[in-house]
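>>> here's my sequence, what's the structure:
(one chain, ligands or ions: 1)
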Amino acid sequence: MLLNLHTHHAEKQADEQIIFNLIIPESNEELETFPEESPTNSWLSVGIHPWYISQPNQKLQLNKLRQIAYNQSVKFIGECGLDRLKGSQLPLQEEIFIKQIRIAEEVKKPILIHCVKCFNELISIKKIVRPKVPMIIHGFNNNIEVAKSLLERGFYLSLGASLMNDDSNTAKFLQQIPLEKLFFETDDKAISIKKIYEKASFLLNIPLNTLEDVIFANYLMICG
Ligand SMILES: [Zn+2]
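Numbering: from 1, shown residues only. Sure thing, here's the model as predicted:
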């Protein structure tokens with residue numbers, strides 16, 4: 001079983017288990033009808049993305065998230081987090097992120113994090129809020145120093161299409177990441193999760209089947 005921890009595409013391969021991401025919308029109209037199809041058949045992550053925080057509708061967005069978060073098919077809260085390059089002002093992003101961490105704590109589900117150039121802020125928020133639920137950084141492709149400091153603080157890392165590029169940070173440091181802290185994902189990329197697992201299996205020198213089992217066991221450890 002190929003666990004794809006984070007994707008925005010609903011279609012999947014036969015041997016793939018996806019966590020399909022739903023983004024809480026910004027407008028009143030969309031919030032009313034969200035989610036349009038009842039999310040029962042696939043596993044989901046649901047969150048307020050830092051790019052799509054509505055200043056006027058933030059309460060409605062959070063209420064909607066809290067309401068959906070209890071749904072059995074929702075396995076993660078997120079993607080949520082911090083982005084220095086895009087979205088609303090950082091203080092508002094931090095506030096909404098912290099509120100989503102509290103919802104995750106309430107429903108006891110791990111948090112899927114979007115973090116762009118805000119790792120220091122992320123680390124201090126974890127220090128202050130001290131959530132018991134696991135925190136996974138999705139689409140991680142920063143350097144090994146940042147990776148190590150996140151791992152030391154208990155974060156998990158989910159790696160994606162960057163692995164396909166031999167010059168990427170992730171391809172270079174993959175071997176140094178403890179397997180039990182690792183996930184893989186396709187995110188919004190047009191690449192199969194199998195290609196990413198195959199590349200990781202090659203870089204780690206671990207049989208593909210074993211790698212699939214290890215990663216799925218990680219999932220069961222944090223979500224089971
Ligand atoms: Zn994403």
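
>>> how about the strands in this protein?
In the chain, strands defined by DSSP state E lie at 2-7, 16-23, 43-47, 74-83, 111-116, 135-137, 156-159, 182-184, listed in chain order.

>>> could the ones you listed go into CSV alongside mean neighbour count, mean pLDDT and distance to Ser192?
Backbone N, C-alpha and C define where each C-beta goes, glycine included. Formatted as CSV, those follow (neighbours: other CB atoms under 10 Å; pLDDT from 0 to 100; distance: least, CB to CB, whole Å):
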stretch, mean neighbour count, mean pLDDT, distance to Ser192
strand 2-7, 24, 97, 9
strand 16-23, 20, 95, 8
strand 43-47, 25, 96, 18
strand 74-83, 25, 97, 21
strand 111-116, 25, 98, 21
strand 135-137, 25, 98, 21
strand 156-159, 24, 98, 15
strand 182-184, 23, 98, 11
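
>>> among those strands, which comes closest to Ala217?
Checking the strands of the chain against Ala217 by CB to CB gives strand 2-7 as the closest, at 9.7 Å.

>>> from the chain's centre, how far out does that closest one sit?
10 Å (CA atoms, centre = their mean, to the nearest Å).

>>> the inter-axis angle of it versus strand 16-23?
10 degrees (axes from the mean of the first three to the mean of the last three CA atoms, to 10 degrees).

>>> name the nearest residue to the one residue sitting closest to the centre of the chain, ignoring sequence neighbours.
What sits nearest the mean C-alpha location of the chain, by CA atoms, centre = their mean, is Leu112, with 3.0 Å. Closest residue in space to Leu112, ignoring its immediate chain neighbours: Gly78 at 3.1 Å, by CB to CB, 6 or more residues apart in numbering.

>>> hang on, isn't the one you found packed against Leu65?
No. Counting by CB atoms under 8 Å, Gly78 stays clear of Leu65, with 10.0 Å between them.

>>> okay, and the common contacts of those two?
46-47, 100 (CB atoms under 8 Å, 6 or more residues apart in numbering).

>>> tell me the buried residues in stretch 23-36?
23-26, 31, 34 (16 or more other CB atoms under 10 Å).

>>> for those residues, work out which two are farthest apart.
Between any two of those (CB to CB), the greatest distance is 11.6 Å, for Ile23 and Leu31.

>>> which residues touch Ile177?
Going by CB under 8 Å, 6+ apart, Ile177 touches 147, 151, 157.

>>> any chance of the residues you listed in CSV, plus distance to Ile18?
Shown next, in CSV, are the contacts of Ile177 (distance: CB to CB, whole Å):
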residue, distance to Ile18
Ala147, 25
Leu151, 25
Leu157, 19
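
>>> which other helices and strands contact the longest helix belonging to the chain?
Scanning the chain for the helix with the most residues, using DSSP state H, yields helix 90-107. For helix 90-107, the contact count by 3 or more CB pairs under 8 Å, 6 or more residues apart in numbering; DSSP states H and E identifies helix 58-69, strand 74-83, strand 111-116, helix 119-129 as packing neighbours.

>>> which other residues reach it?
47-48, 50, 53, 55, 58, 61-62, 65-66, 69-70, 74, 77-78, 80-84, 87, 110-111, 118, 121, 125, 129, 131-133.
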